[in-house]
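**Student:** Turn this into a model:
(one chain, ligands or ions: 1)
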Amino acid sequence: MSLMADLPTHTIPAGTLKDFVAGMFAKLGCDAAESERIARYLVNANLTGHDSHGVIRAPRYVEDVRSGRTIPGLSVTVVSESATHAVLEGNNGFGQSIAPQAVDIGIAKARKAGMAVVTLRHAAHIGRIGEWGEQAARAGLVAIHFVNVENSLLVAPFGGKQRRFATNPVCIAIPPMDGRPMLLLDMATSVVAEGKVMVAANGGKPVPEGALIGTDGKLSCDPTTLYGPKVPGRPFSARNGDGAIRAFGEHKGSALAFMCEILAGLLTGGGTAGPETKSDRVCNGMLSIYLDPAHFGATDLVQKAMEYTDYVKSSPTAEGIEEVLVPGEPEARNRANREKNGIPLQVDTWEHLCRIGRELGVPIPA
Ligand code: NAD
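**Tutor:** Residues are numbered from 1 along each chain as shown. Sure, this is the predicted structure:
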């Protein structure tokens, strides 16, 4: 699942990269804990192989703080709650600060009541959603997340050629068993997450044929369909292009993306991806469901899930396929590899980070 294809890369140990990126946010006024947190979650996304949600995002986050779109140092506000639910307001705080607080609230309620539903609105970009599923699963809970991105039109609905949805990820996490990869579904409802188009635009792995659609209705894999022509030194912005990413799985992915808008955008009290507004503030909304397996009589869920995993993996493989995988396995393998061998960053991504590091006066790691 590496996005690097065979392109030149700059490989850097995870810890060094984390300290470098944390230094940038410290210079922007985030306190030490928040700076470390932002960097840790971004680097974690790289470690799992989701470079689209890794440090490639740091330049955008920097711009978001400078423009006031994201506000350092904020906590989640509880708007209303009961034993089994909470309605949370993210206040445009850093997603990496707001989302883990929201998950902690869900964990505490589900541990007491057996289940909890938590809505979160107006969080700045919360990054790789698998992170939040993992947080709850490590606490022994099944976690289900539906996410949307308010004010971020990127994806065309099935049969359409204009943007109507965000890339709207869905995540399901199952409590882990020692020594086995966590079962973790974590995917955008678009053919690719937007960050993967960004990676391709930076010279990384190309997006699949037909992942994008132009205003002429023709399918494309050219990132300029989404971003317009590249402007040196400026982060890519989908606001500069007219085309769209396509929903995955034809009508079914489009239907799921639509429901993410309703659940994570409207039920949370946030907003949908569009219609286009004058605001350039982009926020994540998230509807999360936390379930304690014991509350449902499934005390042996983890054991049974592992037995079922083995059964699924025992399927004979199709032609050209080496092994049947289950959700979460590619991420666990990437992590093991990258923790040992370092994180390969595309040269463009690395140079962009260095440019921002120099601007902010953060020493560039050797
Ligand atoms: P992807 O296409 O790589 O799909 C990842 C999912 O597929 C994982 O659950 C993985 O374990 C599973 N998988 C991969 N290969 C498999 C195989 N052979 N067999 C079984 N399962 C397999 O990921 P994506 O859709 O490009 O999403 C990338 C990241 O982007 C995710 O972490 C997502 O949360 C994030 N994202 C975030 C936002 C946001 O607004 N914050 C928006 C969109 C996406």
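
**Student:** okay, CA-based contacts and neighbour counts for the rest of this
**Tutor:** Will do.

**Student:** element containing the residue nearest to Pro157 when sequence neighbours are not counted?
**Tutor:** Leaving aside its chain neighbours, Pro157 sits nearest to Ser254 (5.4 Å; criterion: C-alpha to C-alpha, 6 or more residues apart in numbering). Using DSSP states H and E, the element containing Ser254 is helix 250-260.

**Student:** Mind listing what's buried along that helix?
**Tutor:** 253-260 (16 or more other C-alpha atoms under 10 Å).

**Student:** check contacts around Lys196.
**Tutor:** Going by C-alpha atoms under 8 Å, 6 or more residues apart in numbering, Lys196 touches 51-52, 207.

**Student:** Flag every residue of the stretch 151-300 of the chain that's near the ligand.
**Tutor:** 167-169, 184-188, 192-193, 284 (C-alpha under 6 Å from any ligand atom).

**Student:** As a check, name the ranges of all strands in the stretch 201-350 of the chain.
**Tutor:** Counting by DSSP state E, counting those that start in this stretch, the stretch 201-350 of the chain has strands at residues 212-213, 219-220, 244-246, 283-291, 343-346.

**Student:** Need the winner for burial among those strands.
**Tutor:** Across those, the average number of neighbours (mean count of other C-alpha atoms under 10 Å) peaks for strand 244-246, which reaches a mean of 32.

**Student:** before we move on, the earlier item: with pLDDT and secondary structure as new columns, can the residues of the stretch 151-300 of the chain next to the ligand be given to me in TSV?
**Tutor:** Shown next, in TSV, are those (pLDDT from 0 to 100; DSSP: H, G, I helix; E, B strand; the rest coil):
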residue	pLDDT	secondary structure
Thr167	97	coil
Asn168	98	coil
Pro169	97	coil
Leu184	98	strand
Leu185	98	strand
Asp186	98	strand
Met187	97	strand
Ala188	96	coil
Val192	93	coil
Ala193	88	coil
Asn284	98	strand
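
**Student:** farthest pair in the residues you listed?
**Tutor:** Leu184 and Asn284 (20.2 Å; C-alpha to C-alpha).

**Student:** what's the next secondary structure element after whichever strand or helix holds Val78?
**Tutor:** Assigned by DSSP H and E, Val78 belongs to strand 77-81. Using DSSP H and E, the next helix or strand after strand 77-81 towards the C-terminus is strand 85-89.

**Student:** can I get the CA coordinates of that next one in CSV?
**Tutor:** The C-alpha trace of strand 85-89 is given here as CSV (Å, rounded to 0.1, in the frame of the first residue of the first chain):
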residue,chain,number,x,y,z
HIS,A,85,-24.7,10.2,24.5
ALA,A,86,-22.9,13.4,24.1
VAL,A,87,-23.2,16.3,21.6
LEU,A,88,-19.8,18.0,21.2
GLU,A,89,-18.6,21.2,19.6
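
**Student:** tell me the contacts of the closest residue in space to Ala123 that isn't next to it in sequence?
**Tutor:** Among residues not flanking Ala123 along the chain, Gly90 sits closest, at 4.4 Å (C-alpha to C-alpha, 6+ apart). Counting by C-alpha under 8 Å, 6+ apart, Gly90 makes contact with 75-77, 98, 120-124.

**Student:** Looking at those residues, which is nearest Tyr41?
**Tutor:** Out of those, the member with the shortest distance to Tyr41 (by C-alpha to C-alpha) is Ile98, at 12.4 Å.

**Student:** Ser315 contacts Glu322, doesn't it?
**Tutor:** No. When contacts are counted by C-alpha atoms under 8 Å, Ser315 is not listed as touching Glu322 (11.2 Å).

**Student:** Now do the shared contacts for those two.
**Tutor:** What both Ser315 and Glu322 touch, as defined by C-alpha under 8 Å, 6+ apart, is an empty set.

**Student:** Quick one: neighbours of Gly203, just the number.
**Tutor:** Residues lying near Gly203 (other C-alpha atoms under 10 Å) number 17.

**Student:** With the one 3 residues further on instead?
**Tutor:** When counting by other C-alpha under 10 Å, one arrives at 20 neighbours for Pro206.

**Student:** Can you give me the distance of it to Ala244?
**Tutor:** 16 Å (C-alpha to C-alpha, to the nearest Å).

**Student:** Over to Asp19?
**Tutor:** For Asp19 relative to Ala244 (C-alpha to C-alpha), the value is 35 Å.

**Student:** what's the weakest-modelled helix or strand in the protein?
**Tutor:** helix 194-201 (a mean of 88; mean pLDDT, DSSP states H and E).
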